[in-house]
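K.L.:
Show me how the following folds:
(chains A and B)
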Protein chains: 2
Amino acid sequence: MIGEIIAIGDELTSGKILNLTSNFAAHHLFAMGHEIVEMSTIGDSPELIGAAVKKALGRADFIITTGGLGPTSDDLTNEAVSNALNRPATFHPEILEKITQFFVKNNNTPGPNITLEKLAWLPAGAELLKPEGSMAGYLLIHDKKPIFLLPGVPHEMRELLVDCVLPKLRQLQVGEERHVRQRMYRVFGLSEAEINQKLKDLENDNSLIRLGYYPVFPEVHVSLTALGTDPAETQVLFDIFGRKIEHCLGDAIYGHDEETLAQKVGTLLLEQSCSIAVAESCTGGLISHLITTVPGSSAYFPGGVTAYSNQFKIDVLGVAPETLDTSGAVCAETAIQMARGVRKLSGAEVGLSVTGIAGPSGGTKEKPVGTVYIGLDFKGFCTNRLFTLPGERHNVQTRIAFTALDLLRRKLLEEKGPLG
Amino acid sequence: MIGEIIAIGDELTSGKILNLTSNFAAHHLFAMGHEIVEMSTIGDSPELIGAAVKKALGRADFIITTGGLGPTSDDLTNEAVSNALNRPATFHPEILEKITQFFVKNNNTPGPNITLEKLAWLPAGAELLKPEGSMAGYLLIHDKKPIFLLPGVPHEMRELLVDCVLPKLRQLQVGEERHVRQRMYRVFGLSEAEINQKLKDLENDNSLIRLGYYPVFPEVHVSLTALGTDPAETQVLFDIFGRKIEHCLGDAIYGHDEETLAQKVGTLLLEQSCSIAVAESCTGGLISHLITTVPGSSAYFPGGVTAYSNQFKIDVLGVAPETLDTSGAVCAETAIQMARGVRKLSGAEVGLSVTGIAGPSGGTKEKPVGTVYIGLDFKGFCTNRLFTLPGERHNVQTRIAFTALDLLRRKLLEEKGPLG
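P.N.:
Coordinates of the predicted model:
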């Protein structure tokens, strides 16, 4: 099917906010075999919104709009669509009731000039996409074409697209039924160009197979989509190409679909009944934070120490003052003492440490910005690795944190062995 | 002037690549006082490109296209514009000469399917934007309206926009010269709706003033733009409205333009010669990481402790086991003991702590997910605050971290006093 995506908001046309929702929608629609004729972005103007929807109805099979569904005075999508399609605004008491309850439950009151009622007036015929949820988001069938009106808030839009819009489109896609199998391979440690190079021969190998490369700093995600008319044939192709990708990229693939690197590390730690503590210098707590983004991480993470000053390294982690005097804070020996120190402090099986130079200042000729030593105390066996990572401060910190987690992942895979 | 931005490329409409160029252009054009009527993204199709340019000519004063200027077979912008505007393709030998030299100089050969000649055929009347450079990029004046055809490669596009397009537009903008003054107010602790309510009366007060609201979770940024023909008058208006915004939003404004909350806290700490250490439970190191995103934070941040398990709280921070037994990890007394403990451990003037329930599990009726106690030991004087913050795990962690930093900011402002 041919689709059109319309993003609405003055914050987009003034360049204040980067439009992330249209790309997200295009990516998922393309992967399902749809074609996007145009993605347009317009301001909060009823005339522009109305004209864009009408134009899209003339050439697309379905339309997705994002933005302009909120309670403030510049949210005009409902009103504009009502007028343009001659579908009078209709009051939905159940929506008002739900929103009011939501405010009561959260002990919140809307501002005095915010009329929650605004949220309950929808173009005639609009159906709530998630009646059980608390988000705006409707489906309107006009001239037999579905128009999905989604909120502009990225996480809400993404949730509704995946949970409601894509299944609905699949259901509406009559005639030649298409079978779609899709997987995202999550890769760390190879650049997009390196991955491209490794997968080059697979790319145009089969017309039913699509590969996509999505850099999500500091990772790259590779999507594999098999699109066919026969379900069994589609599945076979999907499996064959999946194995080819796994063969080409090897253990640079750390996980699939929504799995994060910290989640993967957590799963491996749980499998091996290991707990972990971290000692960070230049990453300032980021590794520890990444570990605790995973629900249930308290099962394997007692805690961590951010030792930014030398004195803190000495007092809390027990790093020897002589080591710091002789070799400095950024050296292999300090990294090892930090890992050992935090393991001892916490009683964990594994201690992971980083000490390096995040920049912009502090670099020297011998140890430029981006230099980092990663230390690992794995049940009493200590190792360390030296990296020099590119980028400015924030990027360096992120790269170091992911590199440390990836090092631990590889160590845990090694411990598990090929038969694990 | 009213402008329109057209981004061209199948890689954009398939969602493989995030469109960064349109946002960059919109941001700079808006700041110069231009208005963007639409940003559209279309695939590499001559019909779509031609139709989009013609439509834009009908309603905009200038047009910027990006993409489709390269040497491969799917680069079709020149051809499409030639046909749509009836401007026959014209051969530019000097361009071919320059490109050939460029390849020779870099010891490079074009791929077997690449014909460099393609790059030298431009719509009649096209002028190279940077004749001295090696990039594609032209200006075409059609019906007295400038059409800028820029490459899609982000760094090339950005260079040409800043160096050529913006100056050219300034030059074309004859008659009324526009003066622009702009500032972003960064706000924490008020929702977009609440800010909207407080600034409502200012919004339509003056046609030369624009306000914009940009939620950047968990903050909201408010932009003030004054646009006038007279520089002195513009400045006066800008100052008046700036003071009005400051009056309406008070100390919910923590900073301006690019300043972050962690930066502001760092500035205040330095001014008062205070150092800070943090003890975190549910945020897992995020506060410590936010503090260390600021270059130079080592001057006031010796370190922090992420105490996820109770034992770590006892062993490292010296929290009393009886407190944990009696009142649990999430209570005022634990928060205070954590703040006091990390202050003692680090020798810092200030100890900041958080202990709470980030979810999704662990909540109870008395202490639901989102409950957090923030503890502060300010030079030996201990206080605590209880919050209940909404959202799922990641949002709760972020809100808690920012709430803790903001609490510290307010305490430091209070210490500084009104005359500070």
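
K.L.:
Next to chain B, which bits of the stretch 251-400 of chain A? Give me the list.
P.N.:
Contact residues, the stretch 251-400 of chain A versus chain B (C-beta under 8 Å from any C-beta of the partner chain): A:280, A:282-289, A:291-293, A:295-298, A:301-309, A:311-312, A:315-316, A:345-347, A:358-361, A:393-394, A:397. (Each C-beta comes from the backbone N, C-alpha and C, glycine too.)

K.L.:
Tell me which of the residues you listed fall in strands.
P.N.:
A:E280, A:G303, A:G304, A:V305, A:T306, A:A307 (DSSP state E).

K.L.:
need these in CSV with neighbour count and distance to A:L352, can you?
P.N.:
CSV is the format used below for those (neighbours: other C-beta atoms under 10 Å in any protein chain shown; distance: C-beta to C-beta, whole Å):
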residue, neighbour count, distance to A:L352
A:E280, 34, 9
A:G303, 31, 12
A:G304, 35, 9
A:V305, 31, 11
A:T306, 33, 13
A:A307, 30, 13
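
K.L.:
which stretches of chain A have low pLDDT?
P.N.:
The model of chain A has pLDDT under 70 over residues A:106-109, A:111-114, A:174-177, A:419-420.

K.L.:
can you point me to the longest helix in it?
P.N.:
What stands out as the longest helix in chain A, according to DSSP state H, is helix A:393-416.

K.L.:
Just the buried positions in that one, please.
P.N.:
Of the residues in helix A:393-416, A:393, A:395-409, A:411-412 count as buried by neighbour count, 16 or more other C-beta atoms under 10 Å in any protein chain shown.

K.L.:
How about stretch A:191-202?
P.N.:
Those buried within stretch A:191-202 under the rule 16+ other C-beta under 10 Å are A:I195, A:K198, A:L199.

K.L.:
can you give me phi and psi for A:V220?
P.N.:
phi -130, psi 130 (degrees, to the nearest 10).

K.L.:
Please tell me I have it right and it contacts A:E192.
P.N.:
Yes: assessed by C-beta atoms under 8 Å, A:V220 is found in contact with A:E192 at 5.1 Å.

K.L.:
Report the set of residues contacting both of these two.
P.N.:
The contact sets of A:V220 and A:E192 overlap at A:Y213 (C-beta atoms under 8 Å, 6 or more residues apart in numbering or on different chains).

K.L.:
what about the residue lying farthest from the centre of chain A, distance to A:Q337?
P.N.:
Each residue of chain A has a distance to the centre, and by C-alpha atoms, centre = their mean the biggest one is for A:E322: 43.4 Å. Going from A:E322 to A:Q337 by C-beta to C-beta, to the nearest Å gives 11 Å.

K.L.:
if we can go back for a sec, the ones in strands among the residues of the stretch 251-400 of chain A next to chain B: which two are farthest apart?
P.N.:
A:G303 and A:A307 (12.9 Å; C-beta to C-beta).

K.L.:
A:H256 touches A:Y185, doesn't it?
P.N.:
Yes: at 6.4 Å, A:H256 counts as touching A:Y185 under the criterion of C-beta under 8 Å.

K.L.:
Looking at the two now, which is surrounded by more residues?
P.N.:
For A:H256 versus A:Y185, neighbours defined as other C-beta atoms under 10 Å in any protein chain shown are more numerous around A:Y185 (22 against 13).

K.L.:
so the more buried one touches A:H221, yeah?
P.N.:
Yes: contact criterion C-beta under 8 Å: A:Y185 and A:H221 qualify, at 6.9 Å.

K.L.:
For A:P390, the count of nearby residues, please.
P.N.:
10.

K.L.:
partners of A:V180 in the sheet?
P.N.:
A:L227 (DSSP bridges).

K.L.:
ok, so what distance separates it from A:R170?
P.N.:
According to C-beta to C-beta, A:V180 and A:R170 sit 8 Å apart.

K.L.:
anything in contact with each of these two?
P.N.:
By C-beta under 8 Å, 6+ apart, the residues touching both A:V180 and A:R170 are A:M32.

K.L.:
mind listing what A:V316 touches?
P.N.:
A:V305, A:A307, A:G341, A:L345, B:G303, B:V305, B:V316, B:L345.

K.L.:
Mind putting these into CSV with distance to A:D163?
P.N.:
Formatted as CSV, these follow (distance: C-beta to C-beta, whole Å):
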residue, distance to A:D163
A:V305, 40
A:A307, 43
A:G341, 46
A:L345, 44
B:G303, 42
B:V305, 39
B:V316, 42
B:L345, 46
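
K.L.:
Among those residues, which one sits closest to A:L389?
P.N.:
A:A307 (20.0 Å).

K.L.:
Do a quick rundown of the helices in the stretch 301-420 of chain A.
P.N.:
For the stretch 301-420 of chain A, the helices defined by DSSP state H, counting those that start in this stretch occupy A:310-317, A:321-327, A:332-346, A:393-416.

K.L.:
how about the last one as PDB, C-alpha atoms only?
P.N.:
Extracted C-alpha coordinates of helix A:393-416, given in PDB (Å, rounded to 0.1, in the frame of the first residue of the first chain):
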ATOM      1  CA  ARG A 393      33.400  14.300  25.700                       C
ATOM      2  CA  HIS A 394      29.900  13.000  25.600                       C
ATOM      3  CA  ASN A 395      30.600  10.500  22.800                       C
ATOM      4  CA  VAL A 396      33.800   9.400  24.400                       C
ATOM      5  CA  GLN A 397      32.000   8.700  27.700                       C
ATOM      6  CA  THR A 398      29.300   6.700  25.900                       C
ATOM      7  CA  ARG A 399      31.700   4.700  23.800                       C
ATOM      8  CA  ILE A 400      33.800   3.800  26.900                       C
ATOM      9  CA  ALA A 401      30.800   2.700  28.800                       C
ATOM     10  CA  PHE A 402      29.600   0.500  25.900                       C
ATOM     11  CA  THR A 403      33.100  -0.900  25.300                       C
ATOM     12  CA  ALA A 404      33.400  -1.900  28.900                       C
ATOM     13  CA  LEU A 405      30.000  -3.600  28.900                       C
ATOM     14  CA  ASP A 406      30.900  -5.400  25.600                       C
ATOM     15  CA  LEU A 407      34.200  -6.600  27.000                       C
ATOM     16  CA  LEU A 408      32.300  -8.100  29.900                       C
ATOM     17  CA  ARG A 409      29.800  -9.700  27.500                       C
ATOM     18  CA  ARG A 410      32.600 -11.300  25.600                       C
ATOM     19  CA  LYS A 411      34.200 -12.500  28.800                       C
ATOM     20  CA  LEU A 412      30.900 -14.000  30.000                       C
ATOM     21  CA  LEU A 413      30.400 -15.700  26.600                       C
ATOM     22  CA  GLU A 414      33.900 -17.200  26.800                       C
ATOM     23  CA  GLU A 415      33.200 -18.500  30.300                       C
ATOM     24  CA  LYS A 416      29.900 -20.000  29.100                       C
END
